[in-house]
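Undergrad: sequence first, then the predicted structure, then my questions.
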Amino acid sequence: MTAQRTPYLIIGGGLAAASAAEILAKKQPGRVCLVSAENHLPYARPPLSKAVLAGETAPSKVYLKPREFYRDKGIEVVLGHAAIGLNTEQRVVRLSSGRHMGYETLLLATGLVPARLDIPGFLLPGVHMLRNLEDAIALRDEIAPGRTVVVIGGGFIGCEVAATAIARGAHVHVVETDAVLMERAVGRDVGEILTEHHRRVGVHTYLRATAVEIRGHKRAEAVCLDSGALLHCDVVVVGVGSRAATSWLTDTSIALSEGGIVVDGHCRTADPHVYAAGDAAAAYSPLLDQHVRIEHESNAQQQGALAARNMLGGTTVGKSLPFVWSKQFDLDMWCVGDTRTYDRVEIGGDVSGYRFVAVYLAQSQPVAVLGVNSAGLAAARKLMRATDDRFTVADLLAAESEAP
């Protein structure tokens with residue numbers, strides 16, 4: 001197998017890939033190639049469950065850069081070609097089209113694929129997942145006033161879809177296996193507060209419940225739960241998590257952990273010619289003392305830029321804090337840090353008015369801060385970076401009151 005080697009080859013079409021391509025092209029114009037499995041230029045994904053789904057933003061408006069940008073920067077863009085094989089010895093990527101692309105240095109930024117449900121009726125028309133632009137457009141066209149939507153999965157994506165559907169005049173049921181909505185992301189205590197808000201604005205919640213079947217003749221008509229309850233509907237949205245798009249790497253020398261591509265603090269794999277960034281990368285986290293994948297937009301942008309600088313010969317180590325943002329109804333939520341290892345949470349502020357902050361602690365050390373309709377984001381980031389400072393909720397509330 002022989003293929004001409006591209007100096008800098010990027011596999012992926014999201015924010016990590018686009019961020020890396022821009023930085024590489026500034027230093028090495030005409031020597032960068034970006035290959036995406038999608039037929040769209042790289043675009044932002046957070047608007048899919050919000051502005052695009054609500055019909056407030058045209059799909060073309062979510063593109064990170066116009067086509068002219070890539071042309072002017074000398075970035076070759078190959079769309080609609082999925083990577084299906086990698087030979088690290090010969091430094092060649094095999095594409096679904098049969099094309100082979102060689103590389104000098106490779107960045108893997110393949111992102112995520114949504115988890116599927118192994119239940120009868122999952123393939124019926126009217127059953128949707130929300131991961132790419134086509135998904136958002138198809139679902140947008142199905143949600144209308146008076147229609148009933150069943151959302152299977154009460155994480156961030158499921159709750160954002162529920163909020164958007166309610167705003168569009170639909171009736172919404174959310175089915176979640178945990179005790180509260182968003183429990184895996186924000187924990188039981190905060191999840192209870194947010195669940196109550198969803199109920200107040202009209203979302204019907206089915207907690208500690210599992211969808212076992214989607215029924216219908218020509219299209220989805222009802223979702224059957226393990227309790228025997230039957231939720232009649234017009235549309236079903238499945239949002240039960242995702243996995244890194246790394247199945248094509250399982251037979252290669254690239255190390256995987258928890259489905260992610262293992263990288264060091266430089267975003268480099270054990271192969272010096274291969275880097276990884278974004279949702280598919282499992283980078284070492286000093287905060288958790290283990291390799292973890294972080295499925296957030298800010299992480300993708302920061303890792304893409306970090307990988308590019310190091311691909312150009314830099315030695316920068318990533319030190320950014322995980323950050324996630326969500327908008328649901330009148331709730332503007334942000335979280336810095338990582339909530340996966342906390343053993344206690346402190347909540348302060350106006351909880352009943354949905355204006356509060358929460359500090360997540362592990363052995364009395366803050367590991368994450370969450371704010372709901374709070375102006376304390378900058379203060380939270382500053383306090384989280386001061387790793388020896390064991391701050392309190394009161395400290396954050398005081399900082400919030402001083403924020404402009």
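TA: It's in.
Undergrad: break the protein into its domains for me.
TA: Domain assignment for the chain by automatic domain parsing gives 5-113+242-311, 116-238, 330-402.
Undergrad: so which of these gets nearest residue 323?
TA: domain 5-113+242-311 (4.3 Å; C-beta to C-beta). In this view, the C-beta of every residue, glycine as well, is placed from N, C-alpha and C.
Undergrad: got the end-to-end distance for the closest one?
TA: End-to-end distance for domain 5-113+242-311: 15 Å, by C-alpha to C-alpha, to the nearest Å.
Undergrad: ok, back up a step: can you add mean neighbour count and give the domains of the chain back as a markdown table?
TA: Shown next, in a markdown table, are those (neighbours: other C-beta atoms under 10 Å):
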| stretch | mean neighbour count |
| --- | --- |
| domain 5-113+242-311 | 20 |
| domain 116-238 | 19 |
| domain 330-402 | 18 |
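Undergrad: export these to a markdown table and tack on mean pLDDT?
TA: Converted to a markdown table, these look like this (pLDDT from 0 to 100):
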| stretch | mean pLDDT |
| --- | --- |
| domain 5-113+242-311 | 94 |
| domain 116-238 | 97 |
| domain 330-402 | 89 |
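Undergrad: so for residue 318, which of those sits nearest?
TA: Nearest to residue 318, of the domains of the chain and by C-beta to C-beta, is domain 5-113+242-311 at 5.0 Å.
Undergrad: make JSON lines out of the domains of the chain and add distance to residue 321.
TA: What follows is these, written out as JSON lines (distance: least, C-beta to C-beta, whole Å):
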{"stretch": "domain 5-113+242-311", "distance to residue 321": "8"}
{"stretch": "domain 116-238", "distance to residue 321": "16"}
{"stretch": "domain 330-402", "distance to residue 321": "5"}
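Undergrad: and the helices in the stretch 1-150 of the chain?
TA: Ranges of helices within the stretch 1-150 of the chain are 15-27, 51-54, 67-72, 133-140, based on DSSP state H, counting those that start in this stretch.
Undergrad: just so I know, which of the ones you listed lies nearest residue 175?
TA: In terms of C-beta to C-beta, the element of those nearest to residue 175 is helix 133-140, at 16.8 Å.
Undergrad: any idea how far the closest one is from the chain center?
TA: Per C-alpha atoms, centre = their mean, to the nearest Å, the displacement of helix 133-140 from the mean C-alpha position of its chain is 17 Å.
Undergrad: OK, contacts around the nearest residue to residue 132 once chain neighbours are set aside?
TA: Nearest non-adjacent residue to residue 132, counting by C-beta to C-beta, 6 or more residues apart in numbering: residue 38, 6.2 Å away. Residue 38 makes contacts with 13, 79-80, 132-133, as judged by C-beta atoms under 8 Å, 6 or more residues apart in numbering.
Undergrad: against residue 134, how distant is residue 38?
TA: According to C-beta to C-beta, to the nearest Å, residue 38 and residue 134 sit 8 Å apart.
Undergrad: can you check residue 230 too?
TA: Applying C-beta to C-beta to residue 230 and residue 134 gives a distance of 30 Å.
Undergrad: coming back round to it: distance to residue 102 added to the contacts of residue 38, as JSON lines?
TA: Shown next, in JSON lines, are the contacts of residue 38 (distance: C-beta to C-beta, whole Å):
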{"residue": "13", "distance to residue 102": "20"}
{"residue": "79", "distance to residue 102": "19"}
{"residue": "80", "distance to residue 102": "20"}
{"residue": "132", "distance to residue 102": "28"}
{"residue": "133", "distance to residue 102": "30"}
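Undergrad: among those residues, which one sits closest to residue 151?
TA: Closest approach to residue 151 among the contacts of residue 38 (C-beta to C-beta): residue 132, at 17.9 Å.
Undergrad: list the contacts for that closest one?
TA: By C-beta under 8 Å, 6+ apart, the contact set of residue 132 is 38, 40, 45, 48.
Undergrad: now those as JSON lines including distance to residue 99?
TA: Below are these laid out as JSON lines (distance: C-beta to C-beta, whole Å):
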{"residue": "38", "distance to residue 99": "16"}
{"residue": "40", "distance to residue 99": "19"}
{"residue": "45", "distance to residue 99": "26"}
{"residue": "48", "distance to residue 99": "29"}
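Undergrad: find the nearest non-adjacent residue to residue 40, please.
TA: Nearest residue to residue 40, sequence neighbours excluded (C-beta to C-beta, 6+ apart): residue 133, at 5.6 Å.
Undergrad: which residues touch the one you found?
TA: Going by C-beta under 8 Å, 6+ apart, residue 133 touches 38, 40, 43, 48, 52, 59, 62.
Undergrad: what's the closest of these to residue 314?
TA: Closest to residue 314 out of the contacts of residue 133 is residue 43 (27.1 Å), distances taken as C-beta to C-beta.
Undergrad: how near is that closest one to residue 183?
TA: Distance check for residue 43 against residue 183: by C-beta to C-beta, it reads 30 Å.
Undergrad: same check on residue 193?
TA: Taken as C-beta to C-beta, the span from residue 193 to residue 183 is 12 Å.
Undergrad: residues touching the closest residue in space to residue 137 that isn't next to it in sequence, list them.
TA: With C-beta to C-beta, 6+ apart as the measure, residue 59 is the residue that lies nearest to residue 137, at 5.9 Å, once sequence neighbours are left out. When contacts are counted by C-beta under 8 Å, 6+ apart, residue 59 touches 52, 133, 136-137.
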